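Participant: this one's structure only:
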């Protein structure tokens, strides 16, 4: 009996000790984050600036969210179940959740959110989240008033019905939950305008509430007292407007505490010199790339694309452009597959199989010779009377292109005798050429440069860029690349839920693309989150941004 | 006078119409479109969804129809809505315009208060040391790009002295609430210091030259010689006779300054992250936010024309030789 009492006492002491330990990190405090742009549109269904998105992420909850290791974990849902191989997903909601105005969060709110995204009058940019739901097409075209995609069963059960069983369905269930009583107060199907008009006064169930927003000055958030989840120990978060020219000065003079996503070596060195600024650095999930026109002109010939790859000195570029003179570090690396470096489709064995196209001008020349592109009377390579010329759609005042183009002129034009025509186009004009009005401009370009960020480890994210169904004006297969095997692998891969089983399919796709070169990834640069040392336990990576990392972080002055 | 005013107002209407038409044509010729700019890269919105969004926002119609719709709405006082901010354009302009006005009115008053005495003194002692100093000052001021000057001020004045380098308020104080109104005024004043300094110096440069030259013109007139030969003191000659006549061109300048009080400077507002209309206009042009650009520019056009009208009228008041007909 006494023994039992003593052991109970011990347990009690231990518990108290544990609680005290937790408490010691619970210091509250204020974190000032530097942001360079914010439109003040904090409506989850309508915002478009990434900085507005940070506020949305802090204010709203979704059914599920990603943890640091890229696993789905519960947020507003306590549990979920895949039925019919994942065609139907059933979520059980936590029952004690309330929005910051005190109203309970129920299944109706989830349904309302998806009805809004599917509404015929919806003008926001998140329609793709709902488009795979059953009945989406009929509903959005106004053919029926019956919304079948999301069904409720009581207050705390939501059922998503998808058209097909896809691995990516789960991600589409993770949209911010918007309270129906607030955003939907004046909404009726067919008239979403009242919902769009709520911009600077968001109400959600997330860890923070927006306290004050001064246009173009700051957004200040404070801890939501009604938030039921754990973590988020920082009491106040202020997102302060800064400019690219002075942001680092603000950080070193303690005007701000956190500056995420810095890439310039000078800024990083300035921060290092202070001694009180810490850094998280990580490889970008995404890359700058060049795309070839695989449908029209000489780049339609796969041999030409391979020769261009062999004669493009990627390492020289990365080592000169991304070298930090002070530390000697190269703040970027080169990759030979189209996925995120963090993707689960990438492993060492796979990386070993990829052709690295070591810089070799002679090999490039012999590939062109063999393919029939030989130097003709014009002084350039020709084949059947067609001159090997590339129309490069470039952007003016672009530092990276200003480094790449002279390299191409040296290796492609002077050495390999390929004629280069560089056209400088304003950014939006170029997007018109290669994306928005691409069907009418297919004969105008052979090569362009852009950069992309890949927000997920799922390689299926790259589907729109390589599947032949996605060729056309406004669609994302800008290389206009067609390969039946790639189409087939993507179509099969998206339905496989076990990533270990899906992996070989995506690796095969990457190997085909590596061979056929519709696109050359040029660099994946290193990002730095710079922050004041008072912020502790702050761990970010390229897929786990500062907002997500705040769950575990705390401030110690 | 009233008939003159009425006639002038009537003649302004076609001018404004033509301006809006030119503006609209320029916006149509600009590459890119508002919906694509709003959606951005990688939004995964299908072409069908894009078409629906365009139709909902009235952007699927031909340019003539769009312009007529815009004109009809605008006449009723509705400038349309921003696609980026999802706010009515009127509200958007209203939110930012006063910040711009505050910054500009202060430097406007400062600039005139300094330029007039300096200009007169320079004119009276033409080619003296004082005049030469301000001539060099003006030439440098006129030649200096505003954003470059702003950066110089930030790095050589603000940082060493620990002055706030951007924004309008200290976000920490503003977020937690000011204890009293004076604290807020002091905070805003502190943040205004740099942009006001830059704006004042830049407008001083031109103004001083203007005042100086117009006083010099007047000093060479016959009636000044008459006044002097009557034995009036130099003070009376300059301030009573010469300066009042020199005011005429300065009043024109005043009229021209009115629109810039609200227009502000896009570059300076961007460098100092001042939450003004210039900042919004810049981001709206980049985002092809068509109705904001149309609304704000039409607003400027109207201001500019009213400024001219104001100059005309004040001309008649200051100079009895000018008759309003």
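Facilitator: Received it, and whenever you're ready, just let me know what you need. Here the structure is a predicted model, which means the values were calculated and not measured. Numbers count the residues shown, from 1 in each chain, chains lettered A, B, ... in the order given.
Participant: so where's chain A uncertain?
Facilitator: For chain A, applying pLDDT under 70 flags the ranges A:1-27.
Participant: quick check: the residue of the stretch 251-400 of chain A at minimum distance from chain B vs residue A:527, distance?
Facilitator: For the stretch 251-400 of chain A, the residue closest to chain B is residue A:253, as judged by Cβ to the nearest Cβ, at 7.2 Å. C-beta coordinates here come from the backbone N, C-alpha and C atoms, glycine included. Using Cβ to Cβ, to the nearest Å, residue A:253 is found at 23 Å from residue A:527.
Participant: same deal with residue B:274?
Facilitator: In this structure, residue B:274 and residue A:527 are 29 Å apart, going by Cβ to Cβ.
Participant: check contacts around residue B:188.
Facilitator: Counting by Cβ atoms under 8 Å, 6 or more residues apart in numbering or on different chains, residue B:188 touches B:102, B:168-169.
Participant: more neighbours, residue B:274 and residue A:527?
Facilitator: Neighbour count, other Cβ atoms under 10 Å in any protein chain shown: between residue B:274 and residue A:527, residue B:274 has more, with 28 against 19.
Participant: report pLDDT for the residue lying closest to that one once chain neighbours are set aside.
Facilitator: Closest residue in space to residue B:274, ignoring its immediate chain neighbours: residue B:195 at 5.7 Å, by Cβ to Cβ, 6 or more residues apart in numbering or on different chains. Turning to residue B:195, the model gives it a pLDDT of 91.
Participant: could you list the buried residues of the helix or strand containing residue B:195?
Facilitator: If you go by DSSP states H and E, residue B:195 is part of helix B:181-219. Across helix B:181-219, burial judged by 16 or more other Cβ atoms under 10 Å in any protein chain shown covers B:184, B:187-188, B:191-192, B:194-205, B:207-212, B:214-216, B:218-219.
Participant: what of stretch A:284-300?
Facilitator: Those would be A:284-295, A:297-299, for stretch A:284-300 by 16+ other Cβ under 10 Å.
Participant: what helix or strand does the closest residue to chain B within chain A sit in?
Facilitator: Proximity of chain A to chain B (Cβ to the nearest Cβ) peaks at residue A:428, 2.8 Å away. Element membership for residue A:428 (DSSP H and E) is helix A:427-431.
Participant: show me what that helix is packed up against.
Facilitator: Packing partners of helix A:427-431 (3 or more Cβ pairs under 8 Å, 6 or more residues apart in numbering or on different chains; DSSP states H and E): helix B:34-39.
Participant: please compute how far the helix it packs on lies from its chain's middle.
Facilitator: Computed by Cα atoms, centre = their mean, to the nearest Å, the chain-centroid distance of helix B:34-39 equals 29 Å.
Participant: does chain A sit close to it?
Facilitator: Yes. Against chain A, helix B:34-39 shows contacts by Cβ under 8 Å from any Cβ of the partner chain at B:36-39.
Participant: just give the closest residue to residue 58, not the sequence neighbours.
Facilitator: Assuming you mean chain A. Excluding the flanking residues, the one nearest residue A:58 by Cβ to Cβ, 6+ apart is residue A:208, at 4.3 Å.
Participant: wait, I meant chain B there
Facilitator: That would be residue B:69: by Cβ to Cβ, 6+ apart, it lies 6.3 Å from residue B:58.
Participant: tell me if I am right that that neighbour is in a strand.
Facilitator: No. Assessed by DSSP: H, G, I helix; E, B strand; the rest coil, residue B:69 does not belong to a strand; its assignment is helix.
Participant: so how far is residue A:210 from it?
Facilitator: In terms of Cβ to Cβ, residue B:69 sits 34 Å off from residue A:210.
Participant: the more surrounded of the two?
Facilitator: Each of residue B:69 and residue A:210 has its neighbours counted (other Cβ under 10 Å); residue A:210 has more, 23 against 13.
Participant: the residue of chain B found nearest chain A: what's it in contact with?
Facilitator: As assessed by Cβ to the nearest Cβ, chain A sits closest to residue B:32 within chain B, at 2.8 Å. Shown in contact with residue B:32 (Cβ under 8 Å, 6+ apart): A:427-429, A:431-432, B:288.
Participant: likewise for residue A:245?
Facilitator: B:151, B:271.
Participant: how about it, secondary structure?
Facilitator: Three-state call for residue A:245 (three-state DSSP): coil.
Participant: what distance do you get for it to residue A:297?
Facilitator: Residue A:245 sits 41 Å away from residue A:297, going by Cβ to Cβ.
Participant: how about residue A:310: what's its closest non-neighbour residue?
Facilitator: Once flanking residues are discounted, residue A:310 sits nearest to residue A:364: 4.1 Å by Cβ to Cβ, 6+ apart.
Participant: surely that neighbour and residue A:313 touch.
Facilitator: No. Counting by Cβ atoms under 8 Å, residue A:364 does not reach residue A:313; the two are 10.9 Å apart.
Participant: and the two? which has more neighbours close in?
Facilitator: Shown here are residue A:364 and residue A:313; by other Cβ under 10 Å, residue A:364 has more neighbours (24 against 18).
Participant: that one: which element?
Facilitator: Residue A:364 is part of helix A:361-370, with elements assigned from DSSP H and E.
Participant: go on, residue A:232?
Facilitator: With DSSP H and E as criterion, residue A:232 is part of no helix or strand.
Participant: and the residue lying closest to it once chain neighbours are set aside, how many neighbours?
Facilitator: With sequence-adjacent residues excluded and distances taken as Cβ to Cβ, 6+ apart, residue A:232 is closest to residue A:207, at 4.0 Å. With neighbours defined by other Cβ under 10 Å, the count for residue A:207 comes to 25.
Participant: with adjacent residues omitted, what lies nearest to residue A:508?
Facilitator: residue A:489 (5.7 Å).
Participant: just read off the phi/psi values of that neighbour.
Facilitator: Backbone geometry at residue A:489, expressed as degrees, to the nearest 10, gives phi -70, psi -40.
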